[in-house]
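Enquirer: Below are the sequence and a predicted model for it; my questions follow.
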Amino acid sequence: MSPGFRRLLRPKWLVWHVLIGVLLITTFNLGFWQLRRLETRQTWNAQVELQGALPSVTLEEALAGPLDQALFRRVSATGEFDEMAQVYVAHRSQNDSPGLHVVTLLRVDGGLDVVVNRGFVPRLTYLEDDPTLWPVALGAVEVSGVLVEQTIRSGGLDDEVMGIDLMELSQRWGASVAPFVLQATEGANVDWLPAPLPEPDLSDGPHLGYALQWFAFTLVGVVGYPLAMANVARRTEEVA
C-alpha cells in the first residue's frame, strides 16, 4: 500500500470515513422513506377516490356499516345547528390567505349529533368579532358533505382550538357526536362565508422528487468521496 493511502488510515481520516458512511446511509434511507410516504399517499388517494365515487347516503346509513367504509363517504344529515356549540380551528389557510375553520354542532333528531366543518373565514374578518358575518342556517336544515377524520392537536384558548378533537368537543358541548367530522359542501351556510373548503388534493405530492434528490445525494457521495480520497492520497505522495 502506498504511503498516501496509508495516511488515509490514520485515526483522523477514519473518523471522516465513518461520518461520511453514516451520512450516505442516512441519505439512502431517507430516499426510501420518501418512497414509503409516496405509497401511503397513493393508497390514501385511492381510498378517497373510491369512497367519493359511491352514491351519497344519509349519515345514519354511513355509520350503520363498518366505520372504515364510512370515511370519505359523501353523506347528508338533517338537523338544527346549535349556535352556542361552535369553535374556530386556528392557523388555517386558503388561497394563500390566513384564517380559521368554523366548526359547529348539528343536532340530529333520533341519532348522533355531528360536528360540521362549515368552511373558512379569513383572519381579518374573524377579528371583527361579528359572527353574523358567517351565520348558520336556522331551523331544520339538510347538510351535505364528506366524512373526514378528526385532527387532534393540543392547545388553543376558549373557542379557538388547534384541531377538531371530537372527544373534547363532545364533553364541551354535552353531546354524543358521530366519530367523524362532516366537511360541509352544501346546506350549512346562508351567505358566502364561511367559504367552502376545497376538494382534497389527490396528487402524489413532492415525495418522488424528494426521494430522487436523496438518492442523488447518495450517488454523489458514493462516487465522489472515493475519488476525493484518491486525490488526497496522490497529492500526499507527490509532496513526499
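Expert: Thanks, I have it. Residues are numbered from 1 along each chain as shown.

Enquirer: so who does the residue nearest to the spatial centre of the chain touch?
Expert: Most central in the chain under CA atoms, centre = their mean is residue 151, positioned 8.7 Å from the mean C-alpha point. Shown in contact with residue 151 (CB atoms under 8 Å, 6 or more residues apart in numbering): 89, 163, 164. Heads up, the C-betas are built off the backbone N, CA and C, glycines and all.

Enquirer: out of those residues, which one sits closest to residue 53?
Expert: Set against residue 53, the nearest of those by CB to CB is residue 164 (25.3 Å).

Enquirer: The lengthiest strand in the chain pairs with which strands, and in what direction?
Expert: Longest strand in the chain, counting residues (DSSP state E): strand 74-94. Applying DSSP bridges to the sheet, strand 74-94 is found paired with strand 57-58 (parallel), strand 97-107 (antiparallel), strand 140-148 (antiparallel), strand 160-161 (parallel).

Enquirer: which of those sits most buried?
Expert: strand 97-107 (a mean of 22; mean count of other CB atoms under 10 Å).

Enquirer: tell me which element residue 170 falls in.
Expert: helix 166-173 (DSSP states H and E).

Enquirer: what element comes up after the helix or strand bottoming out on mean pLDDT in the chain heading to the C-terminus?
Expert: Lowest mean confidence among the helices and strands of the chain (mean pLDDT, DSSP states H and E): helix 3-7, at a mean of 63. Proceeding N to C from helix 3-7, the next assigned helix or strand is helix 11-52, under DSSP H and E.

Enquirer: neighbours around the closest residue in space to residue 101 that isn't next to it in sequence, how many?
Expert: Using CB to CB, 6 or more residues apart in numbering and skipping residues adjacent in sequence, the residue nearest residue 101 is residue 89, 4.1 Å away. By other CB atoms under 10 Å, 20 other residues sit near residue 89.

Enquirer: Residue 202 contacts residue 42, correct?
Expert: No. Under the criterion of CB atoms under 8 Å, residue 202 is not in contact with residue 42, lying 9.5 Å apart.
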